[in-house]
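Asks: Sequence and predicted structure are below.
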Amino acid sequence: MKKVAVIDIEGTLTDFEFWREMARITGKREIGELLEKGLSGEVEWLDSLLKRVELIRGIDEGTFLRTREKVNVSPEARELVETLREKGFKVVLISGSFEEVLEPFKRLGDEIIANRAIFEDGKFQGIRLRFRDKGEFLERLRDCFILAMGDGYADAKMFERADVGIAVGRSVPGADLLVKDLKELVDFIKNLKP
């Protein structure tokens with residue numbers, strides 16, 4: 001059976017969070033509040049996302065894309081992906097953020113699944129959704145053994161459909177186990193029996 005590891009990017013593989021950066025740049029505290037409510041499950045993730053999109057509609061494309069300067073791929077993230085490949089997993093990186101911002105991660109996994117930004121006349125106009133929730137994406141992998149990793153409530157539906165779900169840094173409904181950070185996650189994967 002084919003093995004697929006599906007890993008949430010922001011908060012799990014990197015400390016960078018596009019929406020926190022947008023809240024800082026725009027000075028709109030509501031963006032960060034909506035993010036936290038979505039991550040904690042206080043509001044539906046998709047509703048929270050669409051409200052955040054509305055709050056930045058019209059922002060300059062250059063400002064939007066400048067956020068990716070803060071995206072970093074840590075040595076632990078690289079080690080995690082390498083270890084998973086050694087164990088025979090295809091590695092899919094997933095995010096409810098934007099593919100354009102997460103460019104540095106495109107070369108890390110075998111595939112990246114993220115939303116796309118819509119720009120018109122140099123201004124951000126909206127979002128092209130790749131999935132309504134991460135669980136919906138996992139439905140496409142039904143014939144595979146799925147190991148899922150993530151850090152927030154947005155990952156709960158992914159955990160429900162995965163064979164094994166690992167929450168990183170905070171307890172998430174549906175996860176089979178909790179690790180405190182990325183380093184502990186790497187150590188856990190290293191000790192997995194093939």
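Replies: Great, that's in hand. Numbering: from 1, shown residues only.
Asks: what about the helices in the protein?
Replies: When secondary structure is read from DSSP state H, the chain shows helices at 18-26, 29-40, 45-56, 61-66, 75-86, 134-138, 156-161, 182-190.
Asks: Adding distance to K3, mean neighbour count and mean pLDDT, write the ones you listed out as a markdown table.
Replies: (Glycine included, C-beta is placed from N, CA and C.) Shown next, in a markdown table, are these (distance: least, Cβ to Cβ, whole Å; neighbours: other Cβ atoms under 10 Å; pLDDT from 0 to 100):
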| stretch | distance to K3 | mean neighbour count | mean pLDDT |
| --- | --- | --- | --- |
| helix 18-26 | 29 | 19 | 92 |
| helix 29-40 | 28 | 18 | 88 |
| helix 45-56 | 26 | 18 | 93 |
| helix 61-66 | 34 | 15 | 94 |
| helix 75-86 | 9 | 18 | 96 |
| helix 134-138 | 14 | 20 | 91 |
| helix 156-161 | 15 | 21 | 94 |
| helix 182-190 | 12 | 18 | 95 |
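Asks: now the ones you listed as TSV including distance to K2?
Replies: TSV is the format used below for the helices of the chain (distance: least, Cβ to Cβ, whole Å):
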stretch	distance to K2
helix 18-26	31
helix 29-40	30
helix 45-56	27
helix 61-66	35
helix 75-86	13
helix 134-138	13
helix 156-161	15
helix 182-190	17
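Asks: Beta-bridge partners for F89, please?
Replies: In this structure, F89 bridges to K3 when assessed by DSSP bridges.
Asks: hang on, the earlier thing: looking at the helices of the chain, which is nearest to M149?
Replies: With respect to M149, and counting by Cβ to Cβ, the nearest of the helices of the chain is helix 182-190 at 6.5 Å.
Asks: Next, work out how far apart the residue nearest to L80 when sequence neighbours are not counted and E10 are.
Replies: Leaving aside its sequence neighbours, L80 sits nearest to V186 (Cβ to Cβ, 6 or more residues apart in numbering; 5.0 Å). Noted for V186: a distance of 18 Å to E10, by Cβ to Cβ, to the nearest Å.
Asks: got it, and L129?
Replies: Distance, L129 to E10, by Cβ to Cβ: 16 Å.
Asks: For these two, indicate the residue with more neighbours.
Replies: For L129 versus E10, neighbours defined as other Cβ atoms under 10 Å are more numerous around E10 (26 against 14).
Asks: correct me, but the more buried one touches F98?
Replies: No. At 10.4 Å, E10 does not count as touching F98 under the criterion of Cβ atoms under 8 Å.
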